[in-house]
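In: how would this look folded up:
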Amino acid sequence: MRKLFIQFYLLLIVSFLLAVVLAGLVYKQVAEKTGDRALADLLKTSLSLIELELRDTPEAQWPQMLHTLERDLGFSVSMQRLEDLPIDSATQSALRDGNIVMLEDDDVFLQRMAKSPYALVAGPMSYLVFLHELKWFDYALLALIGLSLAIPVLLWMRPHWNELTQLERGAKALSEGEFSARVQLPARSGLQPLAQGFNQMASNVERLLESKQTLINAVAHELRTPLARLRYRLALLDVELDDATQAGIERDLGNVGALIDELLLHARLSRPDLPLQWQRLEIQGWLQQRQEDLATEYSALRVDIQQTVGAIYGDSVLLTRAMDNLLGNAARYARKKLLVRVYEIDGEQYFSVGDDGPGIPPAERQRVMEPFVRLDPSRDRAEGGHGLGLAIVQQIMLAHHGRVEVGESPLGGALFTLCWPLQQDVTSTNKS
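Out: From the prediction side, this is the model:
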């Protein structure tokens, strides 16, 4: 909001200065030149009369006469030789031609005595000195007016400032997953239509997400019953099936069951009031066990572990699920090698898994965390899960007030990093 105030204020100041400059140019061209010409005409008469007086007076009496004239004229009058005047050749030429010359820097007027090497010097003129001093006063007044313009701008913007701040907070809350966020502005506010539009949008988003969660929960629960019946009927089937067929059916039923479980877990993690059981997890033993499991399932895969901490903190059930998902995902797409790192930096815990597989293009790294998103075939194998694994990881990190970073592994493939605060006694809520 401060930026908006500064921009508006600077625009007002620039407009004000342009108006002042334009008015000043008009004044300089009209009023000032007219005043200078009137003053020059007046002095021309005065200096001509002084010249006539001095013409009939002996040169030795000039100082005394000039002193007497000063009391009547109200400004200083003196006589100087032309060659002693601090003027350039052009000014001397103008004096020899009989013109009255004004020295603006000194606020004096010069006129040459006819048929004489002397020139009358009138001034400094108090009027011109006052005008010069008035210029500094004008500059100070302009600065004061410019600063005072901030007051009405601030008075006008203050209510809008507060209202825009409310809208900004509402938009930030909505972007962080608080879909119940609303903005309440006075009915007389000029931003009321914008607030109403924001609230309507937030209500629509909240309603759509609730409908989606309700649908997912309903479908997942409704599928459990027919799935159980299929298993039961398969066990009672009179027809003898060969081992391959039996195993295929069991595998398919297992995949459907796993999908239902993931749907229910994803729906549970989407709750805004999800409680966390913050515990200490001894990471070294867990990593060794997972390393052995991966060696059994992927015999050609080498898993390197770099560990600088002995334990991590968080909801152990959810954290192990998130880490398992990353390890399983990386193992499916790795060629020969995985690199697992666990460390802490500045009060934050990190768990990263990198592989030497095909990697993920930068444009797809954000989208890959969304539910049911599958990338190109190079990252999508038949046994590659249901498209919810990384979305669940994202939800678990949000529940821990953390984040998931996707980048390029030192091994050349994809790198997934979990980062969350190091807190040991916290009940956190999820902001999906």
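In: For residue 402, which non-adjacent residue is closest in space?
Out: residue 420 (2.8 Å; C-beta to C-beta, 6 or more residues apart in numbering). Bear in mind the C-beta positions are built from the backbone N, C-alpha and C, glycine included.
In: ok now do the one you found, which residues does it touch?
Out: Neighbour list for residue 420: 314, 348-349, 397, 400-403 [criterion: C-beta atoms under 8 Å, 6 or more residues apart in numbering].
In: Checking my notes, it in a strand, right?
Out: Yes: counting by DSSP: H, G, I helix; E, B strand; the rest coil, residue 420 is found in a strand.
In: and it, what are its bridge partners?
Out: Counting by DSSP bridges, residue 420 is bridged to residue 349.
In: Show me what whichever strand or helix holds residue 110 is packed up against.
Out: Using DSSP states H and E, residue 110 sits in strand 108-112. In terms of contact count using 3 or more C-beta pairs under 8 Å, 6 or more residues apart in numbering; DSSP states H and E, strand 108-112 is assigned the packing partners helix 33-55, helix 89-96, strand 101-103, strand 118-122.
In: pLDDT wise, what is the residue nearest to residue 402 at?
Out: Per-residue confidence at residue 420 stands at 95 (pLDDT).
In: Likewise for residue 428?
Out: 40.
In: Next: residue 55.
Out: 71.
In: sec struct for the closest residue to it other than its chain neighbours, please.
Out: Nearest non-adjacent residue to residue 55, counting by C-beta to C-beta, 6+ apart: residue 114, 7.2 Å away. With three-state DSSP as the basis, residue 114 sits in coil.
In: my read: residue 202 touches residue 178, true?
Out: No: taking contacts as C-beta atoms under 8 Å, residue 202 lies outside contact range of residue 178: 9.1 Å.
In: Counting neighbours, go ahead and name the busier of these two.
Out: Applying other C-beta atoms under 10 Å to residue 202 and residue 178 shows that residue 202 carries more neighbours, namely 20 against 16.
In: Tell me how far residue 324 lies from residue 294.
Out: Residue 324 sits 11 Å away from residue 294, going by C-beta to C-beta, to the nearest Å.
In: More neighbours: these two, which one.
Out: Using other C-beta under 10 Å as the criterion, residue 324 and residue 294 rank with residue 294 on top: 20 against 15.
In: residues making contact with whatever helix or strand that one lives in?
Out: Element membership for residue 294 (DSSP H and E) is helix 283-297. Here helix 283-297 makes contact (C-beta under 8 Å, 6+ apart) with 301, 303, 305, 307, 309-312, 320, 323-324, 327, 331, 338, 340, 342.
In: what are the C-alpha coordinates of that helix, in CSV please?
Out: Provided in CSV are the C-alpha atoms of helix 283-297 (Å, rounded to 0.1, in the frame of the first residue of the first chain):
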residue,chain,number,x,y,z
ILE,A,283,16.0,-41.7,11.1
GLN,A,284,19.2,-43.9,10.9
GLY,A,285,17.4,-47.2,11.7
TRP,A,286,14.5,-46.2,9.4
LEU,A,287,16.9,-45.5,6.5
GLN,A,288,18.7,-48.7,7.0
GLN,A,289,15.5,-50.7,6.8
ARG,A,290,14.3,-48.8,3.7
GLN,A,291,17.7,-49.4,2.1
GLU,A,292,17.4,-53.1,2.6
ASP,A,293,13.8,-53.1,1.3
LEU,A,294,14.9,-51.3,-1.9
ALA,A,295,17.8,-53.7,-2.4
THR,A,296,15.4,-56.6,-2.2
GLU,A,297,12.9,-55.1,-4.7
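In: Give me the buried positions along it.
Out: 283, 286-287, 290-291, 294 (16 or more other C-beta atoms under 10 Å).
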